[in-house]
Structures are given as structure tokens and as C-alpha cells.
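Chemist: the sequence and its predicted three-dimensional model are supplied below.
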Amino acid sequence: MKKLLLGLFLFPAMAFASGAEIHLDHAPVNLHDQESLQRGARVFVNYCLNCHSASYMRYNRMQDIGLTEAQIKDNLLYAAEKPGETMQVAMRKADAKAWFGAPPPDLSVITRSRGADWVYTYLRSFYRDDSRPTGWNNTVFDKVGMPHVMQELQGHMVPIYRTEKSEDGKEHHVIDRFELAKPGKLTQAEYDALVGDLTNYLNWVGEPAQGDRMRIGLAVLLFLSIFYVVAFYLKKEFWKDVH
């Protein structure tokens, strides 16, 4: 995000070595899965829209993912009065800056800016850090100002450190793995699935017409391919007597 969340659990695909490039897990993006997009919309409205706007998206555009206007009004229209309004938040930027250090970014195009894999990994990488003002940190976005708003779902993960030596021989601590200190309402698999739905929805928000664009593009390419054959033989017929 431009400035953006069970024993023992290890994120097997993530690298925590100091100075190493963070490995991003593959986000389960599928714009044809309307049920996933609808679940993601619900998570976004309930957990993200309190602080983050999506000012380029109107509520009624969610009819494109299979929701009726009545369903939008009854289940998703918490921060607006009419379905035609954009997804804005009531929080003032001055208050947000005072509380978090910077206003939470608009999420309309977050996956186009950071990538769906980044968002998916970021939301699954919060851990307890008492040195931070919010009590939370993130392995993907170090010293992030955002608290872990979905902690009740994932639970509290704490880091287990290991000691490594740098090239100059100095020892330093790096995160080796996470351990569940306080269980959440969901299992790790359930939480990963929920974050996958949210990432899928945010990816759709970045370009709601992506599916139509791809279908139209394929139709145009098919038409041009067929027309090329017609044009080729037409030209050949017109110029057959020209030497």
C-alpha cells in the first residue's frame, strides 16, 4: 500500500532475512468468481472503509459482480445514503495524520500500484511489536502506521527471532517465524481465504471493466483475423491482372 492486515505457524513462502528481498505470496485473484468478489466487498466495507476510501468506485457499480441494488443498500451502504455515491470515509485527514502519522491512502487502485501479491502478503504479515505506537508492525511494510484491523479474525502473531552475523561479523536478530500468541476467530486457512477474497475485490475495484475490456479485445482480434483473410484474397483478385 502507498503509505496500508495459529500452536505455531510459519509462513512457508516468506523470507524474513535482514536485507533480503521480501518474497510475496501469490494472490488467488479470479475476477470470474463473483462469490469471492462479493465476500471481498463485504470485508472491505466492514474492515477497510472505516479509514480507507475508494473514491473512484461507486456503490452501485457492485451490481457488476452480481449484487442487486437492494442487497447493496441493505448490506453494504454504511458510509453513504445513495448507491450512486462514491466510497468515501468520514474521517478527516487532519485526524488521520494525528492518529496514524499519515492519512490512510485511497484504495481505488492499490493493487495496480503495489500489485495483488503485495496486498495479499501484506494483510497476512502483521505481528505484535510493542515498540510501535499501534502495537503492530509488518514484515512487508516495516514500521507501518496502520494497526492490524483484522486482529480479531487472525489473532495475535508474535515473531520468533534468530541470530545472524553480517559480513562485518556483527550479530543481529532477524525474524525466523511467527507463533500464535492469541487465537482469532478464524483458523489460518480461513483467514488466508478471507484475505484472498478481499484482495480479489480490490483487484476488481482497480479496473471494474477489465472483464469487458478483455472480451471486447478478443472479439476485435478475432474479427481482424477473419477480415485479414478476406482482405488478402480481395486484394489478390483486384490485382491479379497487374504485373
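Modeler: Sure, I can see it. Residues are numbered from 1 along each chain as shown.
Chemist: now stretch 98-116 - C-alpha only, CSV.
Modeler: Extracted in CSV, the C-alpha atoms of stretch 98-116 (Å, rounded to 0.1, in the frame of the first residue of the first chain):
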residue,chain,number,x,y,z
ALA,A,98,-2.5,12.8,14.1
TRP,A,99,-3.6,9.2,14.8
PHE,A,100,-1.5,7.3,12.3
GLY,A,101,1.2,9.7,11.2
ALA,A,102,-0.3,10.0,7.7
PRO,A,103,-3.7,9.9,6.1
PRO,A,104,-4.7,6.3,5.1
PRO,A,105,-4.3,6.1,1.3
ASP,A,106,-7.3,5.7,-1.1
LEU,A,107,-7.5,2.1,-2.1
SER,A,108,-9.2,2.5,-5.6
VAL,A,109,-6.0,1.5,-7.4
ILE,A,110,-3.9,-0.1,-4.7
THR,A,111,-3.4,-3.4,-6.5
ARG,A,112,-2.5,-1.6,-9.7
SER,A,113,0.0,0.4,-7.7
ARG,A,114,1.5,-2.3,-5.4
GLY,A,115,0.3,-5.4,-7.1
ALA,A,116,-2.2,-8.0,-5.8
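Chemist: domains for the chain, by residue range?
Modeler: 8-208, 211-243 (automatic domain parsing).
Chemist: could those domains go into CSV alongside mean pLDDT and mean neighbour count?
Modeler: Just so you know, the C-beta spots here come from the backbone N, C-alpha and C atoms, and that holds for glycine as well. Listed next are these as CSV, based on pLDDT from 0 to 100; neighbours: other CB atoms under 10 Å:
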stretch, mean pLDDT, mean neighbour count
domain 8-208, 88, 17
domain 211-243, 88, 10
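Chemist: how about the secondary structure of the spatially closest residue to Pro28 that is not a sequence neighbour?
Modeler: For Pro28, ignoring the flanking residues on the chain, the nearest one in space by CB to CB, 6 or more residues apart in numbering is Gly196 at 4.2 Å. Following DSSP: H, G, I helix; E, B strand; the rest coil, we place Gly196 in the helix state.
Chemist: strands along this protein, start to end?
Modeler: With DSSP state E as the criterion, the chain has strands at 8-9, 54-58, 86-87, 126-128, 136-138, 155-165, 171-183.
Chemist: would you list those in CSV and tack on distance to Tyr233?
Modeler: Shown next, in CSV, are the strands of the chain (distance: least, CB to CB, whole Å):
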stretch, distance to Tyr233
strand 8-9, 64
strand 54-58, 47
strand 86-87, 52
strand 126-128, 63
strand 136-138, 61
strand 155-165, 66
strand 171-183, 65
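Chemist: tell me which of these sits nearest to Val242.
Modeler: Val242 lies closest, by CB to CB, to one member of the strands of the chain: strand 54-58, at 55.2 Å.
Chemist: contacts made by that closest one with the rest, please.
Modeler: Strand 54-58 has contacts (CB atoms under 8 Å, 6 or more residues apart in numbering) with 44, 83-88, 106-109, 205, 208.
Chemist: out of the strands of the chain, nearest to Trp239?
Modeler: Of all the strands of the chain, strand 54-58 sits nearest to Trp239, with 51.3 Å by CB to CB.
Chemist: for the closest one, the distance to its chain's centre please.
Modeler: Mean-position distance between strand 54-58 and its chain equals 15 Å (CA atoms, centre = their mean, to the nearest Å).
Chemist: sheet-wise, list the partners of that strand with their directions.
Modeler: With DSSP bridges as the test, strand 54-58 is paired with strand 86-87 (antiparallel).
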